[in-house]
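A.B. asks: Predicted coordinates and the sequence they were generated for:
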Amino acid sequence: MSLKPPPYSRIAGTGGFLPGDPVTNEALAMRLARSGIETSDSWIIERTGIKARHFANDNDVCSDLALQAAKLALQAADCDATTIDLIIVATSTPDMIFPSTACIVQQKLGVRGCAAFDVQAVCSGFVYALTIADSMIRTGAASKALVIGAEVFSRILDFSDRTTCVLFGDGAGAVVLQSSDTPGILASELHADGRYANILCTPGTVSGGKILGDPLLKMDGPAVFRLAVNVLEEVARSVLVKAERTAADIDWLIPHQANIRIMHGTAKKLKLPFEKLIVTVAEHGNTSAASIPLALDDAVRRGKIRPGETVMLEAVGGGITWGAVLLDL
Ligand code: UT7
């Protein structure tokens, strides 16, 4: 018997979870108006494509959302949690400083022993986590991974800053990624440029029992916007070259769901028709690391993306970080 691991990893099931009822732009605008902050449904839709987002209730933490998405992914993969040998949670809004949210999810799933850790790459977190899981599976370090993107961004939003608080929402998405003799993940690539750390950050920290600095999200939206379209095109092209495919081979493009204008810009640069874009930003808002697995799960469950189709996932976020994964479902 060969000890060599199967050469590929493949997605076996997806899951997604959005907490509570949708909070529409109108409802959010009314809430902000009570504090003298002016915004409107028309501004938010026109500039971002967002119509609503979900906010977790005060008692729910990141691992609660992650657990729901994980359970659905396990169910879709027809897989028992005890057979999972790796859990990665991509999040920037963990339950605690430590232990990792992945360890808490493991405990909530009622299993123990397997490797579990968090990945912090903000909105690129899921693409980073999936790439790490793929690498570990292909080297034989794991054979069945639960890869989760989960966020409660509502906890770090500054509701007195209309330039950011209307953009983000809470949610979780998950996939079961398992070893396979046939290719699922075809190629991936990750990048970061720390020179831009300040354009999207939550600068606060904890020291000596106190919060030091501002623990709320700050973003220079136009600066992120300008970088986003360029890096997303570049990384998608580079991953296609690695996989020896062309843009014409992409059945579906799932970009990080931050802004419909960035998504359209990326599709246009790749010469992909807008019909090939999976768009959930209208209903979900920007859920950071959760946005791609949530969009993937939504499209799979609606029967839009079918087994065997080729999907490009790509993200950009704080760091700044960016990356892409090309896969056959
Ligand atoms: O998830 C990680 C990656 N993040 C992103 O990809 C986000 C990238 N950036 C963006 O999506 C966009 O830059 C935003 C949606 C954040 C902003 O859109 P924009 O078209 O770049 O608008 P802007 O920041 O240039 O602001 C335009 C105007 C300003 O007013 P003046 O200076 O022109 O009078 C803002 O004060 O819109 C005003 N504005 C608002 N008005 C009503 C900003 N936020 C709001 C608001 N409601 N919520």
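C.D. replies: Received, thanks. Quantities reported herein were computed from a predicted structural model and do not represent experimental measurements.
A.B. asks: Which residue would be the closest one in the stretch 201-329 of the chain to the ligand?
C.D. replies: Closest to the ligand within the stretch 201-329 of the chain is residue 221: 2.6 Å, counting by C-beta to the nearest ligand atom. Yep, even glycine has a C-beta here, placed from its N, CA and C like the rest.
A.B. asks: got a list of what that residue touches?
C.D. replies: Residues in contact with residue 221 (C-beta atoms under 8 Å, 6 or more residues apart in numbering) are 163-164, 167.
A.B. asks: Try it again at 10 Å.
C.D. replies: Residue 221 sits next to 47-48, 163-164, 167, 199-200, 258-259 when contact means C-beta atoms under 10 Å, 6 or more residues apart in numbering.
A.B. asks: Give me the buried subset of the residues you listed.
C.D. replies: Among the contacts of residue 221, those buried by neighbour count (16 or more other C-beta atoms under 10 Å) are 48, 164, 167, 199-200, 258-259.
A.B. asks: just checking, which of the residues you listed belong to helices?
C.D. replies: 48, 164 (DSSP state H).
A.B. asks: could you dump the buried ones among the contacts of residue 221 to TSV with pLDDT and distance to residue 266?
C.D. replies: Conversion of the buried ones among the contacts of residue 221 to TSV gives the following (pLDDT from 0 to 100; distance: C-beta to C-beta, whole Å):
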residue	pLDDT	distance to residue 266
48	98	15
164	98	22
167	98	18
199	98	19
200	98	18
258	98	11
259	97	10
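A.B. asks: Among the buried ones among the contacts of residue 221, which pair sits farthest apart?
C.D. replies: Spatial extent of these (C-beta to C-beta) is set by the pair 48 and 199 at 17.3 Å.
A.B. asks: Can you tell me how far residue 160 is from the ligand?
C.D. replies: Residue 160 sits 12 Å away from the ligand, going by C-beta to the nearest ligand atom, to the nearest Å.
A.B. asks: What of residue 32?
C.D. replies: 8 Å.
A.B. asks: Other residues contacting the helix or strand hosting that residue?
C.D. replies: Residue 32 belongs to helix 25-33 when assigned by DSSP states H and E. When contacts are defined by C-beta under 10 Å, 6+ apart, helix 25-33 is touched by residues 21, 23-24, 37-45, 48, 50-53, 55, 159-162, 165-166, 285.
A.B. asks: Which of these fall in strands?
C.D. replies: Of these, the ones assigned to strands by DSSP state E are 23-24, 52-53.
A.B. asks: Of those, which is the most crowded?
C.D. replies: residue 53 (27 neighbours; other C-beta atoms under 10 Å).
A.B. asks: Report the beta-bridge partners for that one.
C.D. replies: Beta-bridge pairing for residue 53 (DSSP bridges): residue 23.
A.B. asks: Show the model's pLDDT score for it.
C.D. replies: With respect to pLDDT, residue 53 scores 98.
A.B. asks: and if you look at residue 1?
C.D. replies: Model confidence at residue 1, given as pLDDT, is 48.
A.B. asks: try residue 7
C.D. replies: On the pLDDT scale, residue 7 gets 89.
A.B. asks: tally of neighbours for it?
C.D. replies: Here the number of neighbours of residue 7 (other C-beta under 10 Å) works out to 12.
A.B. asks: any idea how far residue 145 is from the closest residue to it other than its chain neighbours?
C.D. replies: Using C-beta to C-beta, 6 or more residues apart in numbering and skipping the chain neighbours, the partner closest in space to residue 7 is residue 138 (6.4 Å). From residue 138 across to residue 145, the span is 11 Å (C-beta to C-beta, to the nearest Å).
A.B. asks: who has more neighbours, these two?
C.D. replies: Set residue 138 next to residue 145 and count neighbours by other C-beta under 10 Å: residue 145 wins out with 28 against 17.
A.B. asks: Who is that one paired with across the strands?
C.D. replies: Under the criterion used (DSSP bridges), residue 145 bridges to residue 86, residue 177.
A.B. asks: Got the confidence number for it?
C.D. replies: Residue 145 is assigned a predicted lDDT (pLDDT) of 98.
A.B. asks: what separates it from the ligand, distance-wise?
C.D. replies: Per C-beta to the nearest ligand atom, residue 145 is found 24 Å from the ligand.
A.B. asks: quick one: that residue and residue 133 touch, right?
C.D. replies: Yes - Residue 145 lies in contact with residue 133 (C-beta atoms under 10 Å); the separation is 4.1 Å.
A.B. asks: Now the common contact residues for these two.
C.D. replies: Shared contacts of residue 145 and residue 133 (C-beta under 10 Å, 6+ apart): 9, 86-88, 175-178.
A.B. asks: Need these in JSON lines (columns: neighbour count and distance to the ligand).
C.D. replies: Output for these, formatted as JSON lines (neighbours: other C-beta atoms under 10 Å; distance: C-beta to the nearest ligand atom, whole Å):
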{"residue": "9", "neighbour count": "27", "distance to the ligand": "26"}
{"residue": "86", "neighbour count": "21", "distance to the ligand": "26"}
{"residue": "87", "neighbour count": "29", "distance to the ligand": "24"}
{"residue": "88", "neighbour count": "27", "distance to the ligand": "20"}
{"residue": "175", "neighbour count": "32", "distance to the ligand": "20"}
{"residue": "176", "neighbour count": "26", "distance to the ligand": "25"}
{"residue": "177", "neighbour count": "30", "distance to the ligand": "23"}
{"residue": "178", "neighbour count": "24", "distance to the ligand": "29"}
